[in-house]
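When you get a sec, could you give me coordinates for this:
(one chain, ligands or ions: 1)
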Amino acid sequence: MARNVLTPPTRLLLGPGPSNPAPEVSAAMAAPLVGHLDPYFLQVMDETMADLRTVFGTANHHTIPMSGTGTAGLEAIMFNLLEPGDEAIIGVIGYFGQRLAELAERAGARVRRIEAPLGEVIAPERIAEQLDRRPPKLVALVHAETSTGAEQPLAGIGALVREAGALFVVDCVTSLGGTAVDVDRQLIDAAGSCSQKCLGAPPGLGPVTFGPRAMAAVTTRRSKPATWYLDLQLLFQYWGDAGGPRDRAFHHTAPVANIYGFREALRLVIEEGLEARYARHRAAHERLVEGLGTLGLLLFTPETHRLPMLNVILIPEGVDDVAVRRQMLERGIEIGGGFGPLKGKAWRVGLMGTNATPEVVDRLIGELGEVLAVSR
Ligand SMILES: Cc1ncc(COP(=O)(O)O)c(C=O)c1O
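So this is what the prediction gives:
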């Protein structure tokens, strides 16, 4: 029996991700497919690595979009850098910090958690104290905690971690492309992000970067990592090692169309300019906060460390969370619900990539105002 042609609705994606890709990105994904070992594609891979280095702010050769989403990249970091019995210090300021701790444990590490209350961040002194107590193999932080809207400051932490002889790992899934991550300047040894938030491509890739200290840990492991698909040494036989042979070995079939789209998204980021892009995200956030004020709505996260691209908004007393989100969706706008302890208490609004504009903010405020007017 004939099936209907796929006709997804057009949505303005203002949840915690994915965001709407630029039309150029969608067009690139529909470009003619070539094989994953085609000389043309090998050139696309090299260009993608080069542009991703620019966006991460790094000279690291080992910088690629992993197949799989952001989680795959973070899992690759933990499973390649940690060996059974290693110790890891993980900053937990929300759900995604807990997840990093879980990944490290699954890689066989003993994990010490440094926790902060929801909405708060971790002071560098608390990390220094733990490093003094006993230096671990690795310290990992979530830069942009998508569950609470908090931005974990990174300044100065890389130096502390390096002094202690440990590796500094950062989850920048929500921040990359929307605010500065600056891998080399912050002395970050490995970082993992995603394709579908501030970089403006669809989900499906986990951009990662590994510096020389991280790669030294990878190449001097006592044992093979307990993952074949995410084994960095195998992966770079395909992506090409620094100064290595140019004939690329088959590892898995790279998602060619996704990488086309991602390369185009990176091109757009670089064409806009990193600083201009961060300023655009910041301006959209400020306009949103102002607009929310006119609706009598408040943000959950303290102003001192609010993320620009992900806004956690307190749901007023007596307003039905699910009903409002459903009505917004009927108007073509997706917003996110609260996560974990904030479920039912907050909405999460992402202004990421193409959606960090005054026009989008004004449309959101207008529609939300109308929905709330009949919901209270
Ligand atoms: C901070 C953070 N880390 C990790 C992830 C997981 O990324 P993905 O959903 O692309 O696997 C997310 C997803 O929203 C996130 O916000």
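
going forward, measure contacts and count neighbours with C-alpha atoms only.
Noted.

What distance do you get for the residue nearest to residue 226 when sequence neighbours are not counted to the ligand?
Distances taken as CA to CA, 6 or more residues apart in numbering put residue 79 closest to residue 226, at 6.9 Å, once the chain neighbours are dropped. Going from residue 79 to the ligand by CA to the nearest ligand atom, to the nearest Å gives 15 Å.

contacting residues around residue 79?
Residue 79 makes contact with 103-104, 107, 225-227, 230, according to CA atoms under 8 Å, 6 or more residues apart in numbering.

Need the max-distance pair from those.
For these, the farthest-apart pair by CA to CA is 104 and 230; their separation is 14.5 Å.

neighbour count winner among those two?
Under the criterion of other CA atoms under 10 Å, the comparison of residue 104 against residue 230 puts residue 104 first, with 29 against 20.

Make sure that one is actually in contact with residue 77.
No: with contacts counted by CA atoms under 8 Å, residue 104 stays clear of residue 77, the gap being 9.2 Å.

hmm, who's touching whichever helix or strand residue 261 is part of?
Assigned by DSSP states H and E, residue 261 falls within helix 256-272. Contact with helix 256-272 is made by 21-22, 24-31, 33-36, 41, 44-45, 47-48, 51-52, 54-55, 65, 177, 195, 199-202, 204-205, 277, as judged by CA under 8 Å, 6+ apart.

one step back: of the contacts of residue 79, grab the buried ones for PyMOL.
In PyMOL, selecting the buried portion of the contacts of residue 79, with burial taken from 16 or more other CA atoms under 10 Å, looks like this:
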select buried, resi 103+104+107+225+230
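
Columns pLDDT, secondary structure and distance to the ligand on top of the contacts of residue 79, output as JSON lines?
Output for the contacts of residue 79, formatted as JSON lines (pLDDT from 0 to 100; DSSP: H, G, I helix; E, B strand; the rest coil; distance: CA to the nearest ligand atom, whole Å):
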{"residue": "103", "pLDDT": "98", "secondary structure": "helix", "distance to the ligand": "11"}
{"residue": "104", "pLDDT": "98", "secondary structure": "helix", "distance to the ligand": "14"}
{"residue": "107", "pLDDT": "98", "secondary structure": "coil", "distance to the ligand": "17"}
{"residue": "225", "pLDDT": "98", "secondary structure": "coil", "distance to the ligand": "20"}
{"residue": "226", "pLDDT": "97", "secondary structure": "coil", "distance to the ligand": "19"}
{"residue": "227", "pLDDT": "98", "secondary structure": "coil", "distance to the ligand": "17"}
{"residue": "230", "pLDDT": "98", "secondary structure": "coil", "distance to the ligand": "14"}
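
which SS state does residue 130 fall under?
What DSSP: H, G, I helix; E, B strand; the rest coil gives for residue 130 is helix.

count of residues packed around it?
15.

Tell me how far it lies from the ligand.
23 Å.

just residue 16 next, same as before
Between residue 16 and the ligand the distance, using CA to the nearest ligand atom, works out to 6 Å.

Which neighbouring elements make contact with whichever helix or strand comes after the helix holding residue 261?
If you walk from helix 256-272 toward the C-terminus, the next helix or strand you reach (DSSP H and E) is helix 274-294. Contacting helix 274-294 under the criterion 3 or more CA pairs under 8 Å, 6 or more residues apart in numbering; DSSP states H and E are the following elements: helix 358-375.

Next, the buried residues of the helix holding residue 261.
When burial is assessed from 16+ other CA under 10 Å, helix 256-272 yields the following buried residues: 256-270.

And for stretch 85-104?
When neighbours are counted by 16+ other CA under 10 Å, the buried residues of stretch 85-104 are found to be 86-104.

Can you tell me the closest non-neighbouring residue to residue 186?
Nearest residue to residue 186 in three dimensions, chain neighbours excluded: residue 158, at 5.7 Å (CA to CA, 6+ apart).

Next up, phi/psi of the one you found, please.
phi -60, psi -40 (degrees, to the nearest 10).

That one: how many residues sit nearby?
The number of residues packed near residue 158 is 23, by other CA under 10 Å.

cool, residue 365 as well?
Other residues near residue 365 come to 20 when the count uses other CA under 10 Å.

List the contacts of it.
With contacts defined as CA under 8 Å, 6+ apart, residue 365 is in contact with 288, 291-292.

Where does the prediction get shaky in the stretch 51-200 of the chain?
In the prediction, the stretch 51-200 of the chain carries no residues with pLDDT under 70.

How much space separates the residue nearest to residue 328 when sequence neighbours are not counted from residue 56?
In space, not counting the residues next to it along the chain, residue 328 is nearest to residue 334; the distance is 6.5 Å by CA to CA, 6+ apart. In this structure, residue 334 lies at 28 Å from residue 56, with CA to CA, to the nearest Å as the measure.

With distance to residue 165 added, can I get the contacts of residue 79 in JSON lines?
What follows is these, written out as JSON lines (distance: CA to CA, whole Å):
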{"residue": "103", "distance to residue 165": "21"}
{"residue": "104", "distance to residue 165": "18"}
{"residue": "107", "distance to residue 165": "20"}
{"residue": "225", "distance to residue 165": "21"}
{"residue": "226", "distance to residue 165": "24"}
{"residue": "227", "distance to residue 165": "26"}
{"residue": "230", "distance to residue 165": "25"}
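
Please work out which residues outside the helix or strand where residue 127 lies touch it.
When elements are assigned from DSSP H and E, residue 127 belongs to helix 124-133. Under the criterion CA under 8 Å, 6+ apart, residues 114, 156-157, 160-161, 164 lie in contact with helix 124-133.

Great, nothing more from me.
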